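In: This is a predicted model, with the sequence first.
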Amino acid sequence: MALAQYLAELETLVADAARAFSAADGALTLEAARIEFLGAKSGRIKDAQKGLGAVDKADKPAAGKHFNDAKQAIEAAFTSAQERIAAQGITEPGLAPIDLTLPGRPLRLGRLHPLTQTIEELKEILGRLGFTVADGPEIEDEWHNFEALNIPASHPARDPLENFYLATAERGAGGPLLLRSQTSTVQIRVMEAAKPPVRIISLGRVYRPDTADDTHYPMFHQIEGLLVDRHVTMADLKSTLRLFAAAYFGGDVHIRFRPSFFPFTEPSVEVDMSWHDRWIEMGGAGMVDPHVLQAVGYDPEEYTGFAFGLGVERVCARRHQVTDIREFYKNDVRFLRQF
Ligand code: PHE
């Protein structure tokens, strides 16, 4: 190849590279140009270097010098494009430059759900009164959900339409299975497993086919308390609930019992609490019915006990002025972030 032709090719190469590098507008286009011209395997500089072999022997030293100049020019064009792009703060074509002086974006920390916070707090308060936490399954059999609690088959609470029975032929040791409708089931499980004295609370989900509205939801949480010992009276029940309410709501709280009926307590009461001059119903309570003590093998002549079951959503909603319990289940972070 004649020297003149080789030099003309180098000239074209340098001009092409200069154009490509100055057209690069971000890291990606710059890299593409770098590979095209400076690529170690098949870049165009590499080709030009190979082309040296075809130049007439006498012209080789001159051609080699021009090749080195061309290579340096192309490398310089690359370096200046690289500096230009770095100075603009452009990392990708189409992305806005990064402003390193901007303050950082705050990280949003997750937090416990208000009901979980309430449950933890209730455990803590009743723990101070000597109650330990007991647990029971959410899928229960009829014995624990009804029978042992003195709720006979004819009782309206056992209507299949009032409960979530499982659509399965599988049965528990104590009969057909359903989602528990109350945490009172745990009373039975604890007493079946231990001798008195018993002093437990149990917190968890219960299920009833209620239509959701501002005070109902087909799943909600209860806190169950059970104390069985010698000489336990209704006065113990009331003072326990008063201490509990005073600790959760703060000093200005009152407790009121209204006569009621539950098959598993006798006498039975509804528990109302007043805080900032408004009464609201918190749940049910009473003295454990002798039939229940008998069902778990306790001697009702020797032992008496009290039990209570309160709605966790209710106490939480009252304290935080939540007027619609459906808010607890919407997972709207604007609501949840307030707690
Ligand atoms: N289990 C009852 C309910 O769900 C509440 C209750 C618990 C009443 C313990 C008395 C004793 O309504």
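Out: Cool, got the structure.

In: Bridged to the nearest residue to residue 246 once chain neighbours are set aside, which residues?
Out: Leaving aside its sequence neighbours, residue 246 sits nearest to residue 253 (Cβ to Cβ, 6 or more residues apart in numbering; 5.4 Å). For the C-beta atoms, the positions are set from N, CA and C on the backbone; glycine is no exception. Taking DSSP bridges as the rule, residue 253 bridges to residue 275.

In: ok, now how distant is the most far-flung residue of the chain relative to its centre from residue 77?
Out: Seen from the C-alpha centroid of the chain, the residue lying at the greatest distance (Cα atoms, centre = their mean) is residue 58, 79.2 Å away. To residue 77, residue 58 is 31 Å away according to Cβ to Cβ, to the nearest Å.

In: Over to residue 83?
Out: Distance from residue 83 to residue 77, by Cβ to Cβ: 11 Å.

In: and residue 168, how far is that from residue 217?
Out: 24 Å.

In: Name the residue in the two with the higher neighbour count.
Out: Neighbour count, other Cβ atoms under 10 Å: between residue 168 and residue 217, residue 217 has more, with 18 against 9.

In: Could you check how far the more buried one is from the ligand?
Out: From residue 217 across to the ligand, the span is 14 Å (Cβ to the nearest ligand atom, to the nearest Å).

In: Could you give the number of residues near the closest residue to that residue other than its chain neighbours?
Out: Spatially, and ignoring its direct neighbours in sequence, residue 217 is nearest to residue 325 (5.7 Å; Cβ to Cβ, 6+ apart). For residue 325, the tally of surrounding residues (other Cβ under 10 Å) stands at 20.

In: Go ahead and confirm residue 325 touches residue 219.
Out: No: look at residue 325 against residue 219 with Cβ atoms under 8 Å: they stay out of range, at 10.7 Å.

In: before we move on, the earlier item: where does the residue farthest from the centre of the chain land on pLDDT?
Out: Listed pLDDT for residue 58 reads 92.

In: thinking residue 305 is in contact with residue 190, fair?
Out: No: with contact defined as Cβ under 8 Å, residue 305 does not count as touching residue 190 (11.0 Å).

In: anything in contact with each of those two?
Out: 198, 226 (Cβ atoms under 8 Å, 6 or more residues apart in numbering).

In: Near the ligand, which residues of this structure? Just list them.
Out: Residues of the chain lying close to the ligand by Cβ under 6 Å from any ligand atom are 182, 184, 262, 265, 268, 283-286, 307-309.

In: what residue ranges in the stretch 1-150 of the chain score low on pLDDT?
Out: For the stretch 1-150 of the chain, the stretches flagged by pLDDT under 70 are 89-97.

In: In it, what residue lies closest to the ligand?
Out: residue 149 (8.0 Å; Cβ to the nearest ligand atom).

In: pLDDT score assigned to the closest residue to that residue other than its chain neighbours?
Out: Take residue 149 and drop its neighbours on the chain: the residue closest to it by Cβ to Cβ, 6+ apart is residue 264, 4.1 Å away. Residue 264 carries a pLDDT value of 97.

In: what does residue 277 give?
Out: Model confidence at residue 277 (pLDDT) stands at 84.

In: returning to that earlier point: compare residue 305 and residue 190 (neighbour count), which wins?
Out: Neighbour count, other Cβ under 10 Å: between residue 305 and residue 190, residue 305 has more, with 27 against 21.

In: tell me what the helix or strand containing that one is packed against?
Out: Using DSSP states H and E, residue 305 sits within strand 304-311. Packing partners of strand 304-311 (3 or more Cβ pairs under 8 Å, 6 or more residues apart in numbering; DSSP states H and E): helix 184-193, strand 219-229, helix 234-249, strand 265-275, strand 278-288.

In: can you redo the ones you listed as CSV with distance to residue 6?
Out: Output for the helices and strands packed on strand 304-311, formatted as CSV (distance: least, Cβ to Cβ, whole Å):
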stretch, distance to residue 6
helix 184-193, 93
strand 219-229, 84
helix 234-249, 92
strand 265-275, 96
strand 278-288, 96
